[in-house]
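> One predicted model, sequence on top.
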Amino acid sequence: MPEIIDVLSAPIGKGAQFIVNTAAAAVDLTPVIIGLAQTMEAAGGVKRFRQGDNLIILSAGYFIPESFVMAQYRVGGLNTSLPVLYLAGQSAPGPSIPLHCWGNSGAMMLPFSNYEIASGVYLNPEDNNLNAGITFNIQSLFPLINGGVYPQVSMINVPAALNGTTIQVTPFIKILHNFELT
């Protein structure tokens, strides 16, 4: 069987974002569309896996411009939460089902930006009720709200000329599988 590696990401402009405000020490990183899972896509918008495909989630991460870093502390010295990537599968038609093999009930913290967190997680579609004779896709929520707060992006050393600029942050997963996406 052939081995194919695809990188899936949230569609452009539908991942997460923050608005630069250098008057604050840090600003919240929030989903563009709050509470709605986004279908992750490969190049060209292709996004569905076929029945019988074997999948391994090789790695995950998120892209943020290099001049920004995740804040470590909130006002008052409390630790901020790390960005959490939630993954679910969806057969067509059907509800989204958390990918329990990925982290804690489909959610995993991503501690570093612009860095791939190696995982090597085998995704068995049958164990996730995704292999009922139809195609399926992978959806994501990023960042997943954690402990009632969103992660924050530091505004320290950010040029004031960027104030008011909306910066997009895009999550991605790299998947090894056997069949071409449809």
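Thanks, I have it.
> List the buried residues in the longest strand anywhere in the chain.
When the chain is parsed with DSSP state E, its longest strand is strand 166-177. Going by neighbour count (16 or more other Cβ atoms under 10 Å), the buried part of strand 166-177 is 167-177. All C-beta spots, glycine's among them, are computed from the backbone N, C-alpha and C.
> Put together TSV for those residues, with pLDDT and distance to Ser96 on each row.
Formatted as TSV, the buried residues of strand 166-177 follow (pLDDT from 0 to 100; distance: Cβ to Cβ, whole Å):
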residue	pLDDT	distance to Ser96
Ile167	95	27
Gln168	93	23
Val169	92	22
Thr170	89	20
Pro171	91	16
Phe172	91	19
Ile173	91	15
Lys174	92	21
Ile175	91	17
Leu176	91	23
His177	91	20
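> Thr30: neighbouring residues, count only.
16 (other Cβ atoms under 10 Å).
> list the contacts for Thr135?
For Thr135, the contact set (Cβ atoms under 8 Å, 6 or more residues apart in numbering) comprises 48-51, 91-92, 182.
> Among these, which one has the most neighbours?
With neighbours taken as other Cβ under 10 Å, the top of the contacts of Thr135 is Phe49, carrying 26 neighbours.
> which SS state does Ile161 fall under?
You called it Ile, but residue 161 is Ala. Following DSSP: H, G, I helix; E, B strand; the rest coil, we place Ala161 in the helix state.
> How about Glu66?
Glu66 is classified as coil under three-state DSSP.
> my guess is it contacts Asn114, does it?
Yes: applying Cβ atoms under 8 Å, one finds Glu66 in contact with Asn114, separated by 6.8 Å.
> Who has more neighbours out of the two?
The residue with more neighbours, out of Glu66 and Asn114, is Asn114; 11 against 8, by other Cβ under 10 Å.
> Tell me where the chain has helices.
Here the chain has no helices by DSSP state H.
> Could you list the low-pLDDT ranges of it?
Confidence mapping of the chain against pLDDT under 70 gives the ranges 1, 73-80, 92-93, 125-133.
> That one: strands as residue ranges?
4-9, 16-19, 26-28, 30-31, 38-39, 55-63, 84-91, 96-98, 107-109, 117-123, 136-141, 152-154, 166-177.
> Tell me the bridge partners for the closest residue to Ala88 other than its chain neighbours.
Nearest residue to Ala88, sequence neighbours excluded (Cβ to Cβ, 6 or more residues apart in numbering): Ser96, at 4.0 Å. Ser96 forms beta bridges with Gln90, as assigned by DSSP bridges.
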